[in-house]
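> coords please:
(2 chains)
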There are 2 protein chains.
Amino acid sequence: MTIDTLLSQLREVVGAEHVLTGTDVSARATHFWDPAPLTAAAIIRPANTAETSSVLKLCHAAGQSVVTHGGSTGLVEGHYSTLDDIVLSTERMNTIEAVDVTGRTLTVGAGAILQRVQQTAVEAGLQFGLDLGARGSCTIGGNISTNAGGLSVLRYGMTREQVLGLEVVQADGTILSSMNRMMKNNSGYDLKHLFIGSEGTLGVITRAVLRLRPATPAVDTALLAFDSFSQLTQTLSQLSHSLSGSLDAFEVIWQPFYHLNTNPEMEGTSTSPLPRDYALYAIVESRSVDAEQASATFEAAMEQALIAENISDAVIAQSERERENIWHIREHVDVAVQQDLVFVYDISLPIVDMQDYVTTIQAQLQSHWPQVVLYVYGHLADGNLHIMVIPSSESAPSDAQRLEWHSISNDIVYQPLQALGGSISAEHGIGLSKKSYLWMSRTAEEIALMQTLKGAMDPQNILNPGKIIS
Amino acid sequence: MTIDTLLSQLREVVGAEHVLTGTDVSARATHFWDPAPLTAAAIIRPANTAETSSVLKLCHAAGQSVVTHGGSTGLVEGHYSTLDDIVLSTERMNTIEAVDVTGRTLTVGAGAILQRVQQTAVEAGLQFGLDLGARGSCTIGGNISTNAGGLSVLRYGMTREQVLGLEVVQADGTILSSMNRMMKNNSGYDLKHLFIGSEGTLGVITRAVLRLRPATPAVDTALLAFDSFSQLTQTLSQLSHSLSGSLDAFEVIWQPFYHLNTNPEMEGTSTSPLPRDYALYAIVESRSVDAEQASATFEAAMEQALIAENISDAVIAQSERERENIWHIREHVDVAVQQDLVFVYDISLPIVDMQDYVTTIQAQLQSHWPQVVLYVYGHLADGNLHIMVIPSSESAPSDAQRLEWHSISNDIVYQPLQALGGSISAEHGIGLSKKSYLWMSRTAEEIALMQTLKGAMDPQNILNPGKIIS
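Residues are numbered from 1 along each chain as shown, chains lettered A, B, ... in the order given. Now for the predicted structure:
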């Protein structure tokens, strides 16, 4: 079958105005941060699960590859498409269907933007346990299919733990409606976990039942400074205990990144509320219901850590402005990312091994690039570090050199994780860009089982082919 | 191959003393609560994952069915075996391998008893987020393969949410080592979820990495009474909010079960700390770090609920003895279970639909058995009710009549759940005993996908055949 025949069949299913081709495709960007024009045979925008099923039935019959798109904010090229692919966009399936305040559930279409999901929860007097920087653009379907992490994992877990039910269309168009609203449902295999985090390779998520959490309006934030990593882990243990049930964030910043983002000579940076020469900094945030009581508990916990000399210095935000200034030190990644040549990582490893790991890779990177800059920060309590490697050579490297350097940097950053039982992808997924390193975090037997599942559920390999393992 | 040939091969793998036959098999009970002798061709007790792999390789080659045993405390006949089956017992794989206090993980063998896991966590200054009545007999491997629920689900989730990594032996003996210790690991499909809750039909779990939680030594407990179900749901919403982050249990008891377990004329019952004529009762428990502050918050929350008239009456336990007396009202199931004829259920449904549901099935049961007694209680906040139906006829029914009555009762209890999106099994699983009702909670497409997975992962159907779907 020619693509034209297939497209005319698809037009009958979704309507001509929802089959985009030519400049309607190339007018879209490849990625939220990459304005290069999108390449795809067409973009199909089904209105609902039934239409999605018909679309996949036709594509399955034609052996046509399908790449599902949410907000295109993923960081591992998991949604990349070629001229041979059809892009299935969930943008029209964005209905907020129902809120159950007593059962604390929210039923939504996969195309709903995360921020709207969050707002709906807040309007119902509750909150959604997922938050990340791309909240204004990413879709809940994309969050689910990549098992997104973000800023609330310490307290509420990954996206996986926010999902109670799913509606999914399988490769052959079969509709799998598992719209469970129950906290507890042990009736047979829990199939939704196959689709959560499998990056669109096993099915197309069209609807979801989300778990909501009680609201926690009282926020306390502190910036802590440490002379050593052992102080930091002691503080984490202590605060996990004393702020148990309310600790929301424990984010760590190594000195070089702290220096960059508090540099008074650069525009857009934060004012450092503490001296800038400590080895490590942490942002600690607690969220609870009762503001007065929460603040007393929070201050007592900080005092206790200072007395125990687990903290070298500390400041508690006294206003929302001070709080934002502190968080900006962590979130202001623009300067670093805008370097001419920067390699960005998202890894996890046991907390006890972190300091040795950072020291080791720093030494190895320096042996290749004596002027290398290494920015390290991340969700320490989750074992998750973000790393930026900036080789900073004197002369601009050639394209071939860039590729070679990237590969050298990958090997240095990823290799030690194998022995430590760490992961080459803590929260971003594998997609295309980490596929050739998957074997470092997963055994041959695990990869073989992934392939068995893919083969059983998508025998023609039409769903996001070439990503993760296929 | 004869079974004798296979057994002699198995003796070479695990040692003759770990292949039990004859009276060594029948000396064991069918179930923790059923002294009938166990029936099986043999019990094999491998020492570790490697031996388990060799055992399964041999059984796979011989087409021999294998039923894995933990503590045999399951409630749905998921571990039942016949003379044609080999029982694989995890009892020797019970090592506590490692505790990582900073990373808050515990690495254990599948045969470790839950209570030992809990104790190990406590000794490390932490706690394990799973607790249930069978804690002294059930194994962590059994908890994982049934995705056990229990008493801490409201706060920490089901067993699934306590598991970071697994080592599993697949049907053909392939060892799948996914001993992830990371809170965050998005490197490809999260395979462990296939084995959690699949009741031994997809693989044999031999080791696990468990997630530990900060300790919460301060306990506050109250017994609340209500005149109406709407008061109850308002109180749940209010306490979920005001005790956010520390609410551990919200257990509800309908009047008949409360009456039974506080009957002053019966031995072993609790003394009712409140009048016995309220429609509904709830046990609320909060756990936190700081005892003094927690108690103040807890008392304020109760007072607020009383002022709002969401609670009709309340008592806060002033001692551990008072606390135990309150919990005994909920946990004292012996009298009810020891009735000559009682049908026991474990269902879930949306909280908002619960009162109507209970009224409906009561009327339907009464139309069959005018003297029927219906005991309803359960983990209300999780949407999970336990129900006991006691038909209580004047004359003892025949065996055929018992079977027929069980089937009538099942139909009445299960049927409304389909329309409500509830589940016929909230936390006990499907096993053998709920298999014929699975279609009421799962669609034909879901069951077909379960069968596809089973076929792909255990093509010879040797792992716990006949359970759940196979």
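
> Report the helix or strand with the lowest average pLDDT across chain A.
Every helix and strand of chain A was ranked by mean pLDDT, DSSP states H and E. The lowest is helix A:334-337, at a mean of 75.

> so what does that helix touch, helix or strand wise?
Counting contacts by 3 or more C-beta pairs under 8 Å, 6 or more residues apart in numbering or on different chains; DSSP states H and E, helix A:334-337 packs against helix A:255-261, strand A:384-390. Placement of C-beta: from N, CA and C, glycine included.

> Figure out which of the ones you listed is closest to chain B.
strand A:384-390 (4.9 Å; C-beta to the nearest C-beta).

> wait, isn't residue A:434 in contact with residue A:426?
No. Using C-beta atoms under 8 Å, residue A:434 is not in contact with residue A:426; the gap is 11.2 Å.

> Skip the chain neighbours and tell me the closest residue to the residue positioned nearest the centre of chain A.
Nearest to the geometric centre of chain A sits residue A:148, at 3.9 Å (C-alpha atoms, centre = their mean). Once flanking residues are discounted, residue A:148 sits nearest to residue A:159: 4.7 Å by C-beta to C-beta, 6 or more residues apart in numbering or on different chains.

> ok, the residue lying closest to residue A:156 once chain neighbours are set aside - contacts?
If you skip the residues right next to it in sequence, residue A:156 has residue A:129 as its closest partner in space, 3.1 Å away by C-beta to C-beta, 6+ apart. Listed by C-beta atoms under 8 Å, 6 or more residues apart in numbering or on different chains, the contact partners of residue A:129 are A:152, A:155, A:156, A:157, A:161, A:162, A:211, A:212, A:213.

> So in that sheet, which strands flank the strand or helix carrying the last one, and in what orientation?
Mapping residue A:213 onto the secondary structure by DSSP states H and E places it in strand A:204-214. Looking at strand A:204-214 with DSSP bridges, its partner strands are strand A:105-109 (antiparallel), strand A:126-128 (antiparallel), strand A:163-169 (antiparallel).

> how about low-confidence regions in chain A?
For chain A, applying pLDDT under 70 flags no range at all.

> Identify all contacting residues around the top helix by length along it.
Using DSSP state H to assign secondary structure, the helix with the most residues in chain A is helix A:399-420. For helix A:399-420, the surrounding residues in contact (C-beta under 8 Å, 6+ apart) are A:341, A:343, A:345, A:347, A:349-350, A:353, A:357, A:360-361, A:364-365, A:368-369, A:387, A:389, A:391, A:397, A:422-424, A:437, A:440-441.

> Would you indicate which residues of it are buried?
Across helix A:399-420, burial judged by 16 or more other C-beta atoms under 10 Å in any protein chain shown covers A:405, A:408, A:409, A:410, A:412, A:413, A:414, A:416, A:417, A:420.

> Contact residues of the stretch 301-450 of chain A facing chain B?
By the rule C-beta under 8 Å from any C-beta of the partner chain, the part of the stretch 301-450 of chain A lying against chain B is A:348-352, A:379, A:381-384, A:421-430, A:434, A:438, A:441-443, A:445-450.

> can you give me the helices in the stretch 351-470 of chain A?
Assignment of helices within the stretch 351-470 of chain A using DSSP state H, counting those that start in this stretch yields the ranges A:354-368, A:399-420, A:438-441, A:444-457.

> Take those helices and write them to a markdown table, including distance to residue A:292.
Putting the helices of the stretch 351-470 of chain A into a markdown table (distance: least, C-beta to C-beta, whole Å) gives the following:
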| stretch | distance to residue A:292 |
| --- | --- |
| helix A:354-368 | 36 |
| helix A:399-420 | 43 |
| helix A:438-441 | 45 |
| helix A:444-457 | 50 |
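
> Apply the buried test to the residues of the stretch 301-450 of chain A next to chain B and list what passes.
For those, buried by 16+ other C-beta under 10 Å: A:348-352, A:379, A:381-384, A:421-430, A:434, A:438, A:441-442, A:445-447, A:449-450.

> My read is that residue A:182 contacts residue B:381, right?
No. Using C-beta under 8 Å, residue A:182 makes no contact with residue B:381, being 11.9 Å away.

> distance between the ends of stretch A:377-391?
Length of stretch A:377-391, first residue to last, C-alpha to C-alpha, to the nearest Å: 18 Å.
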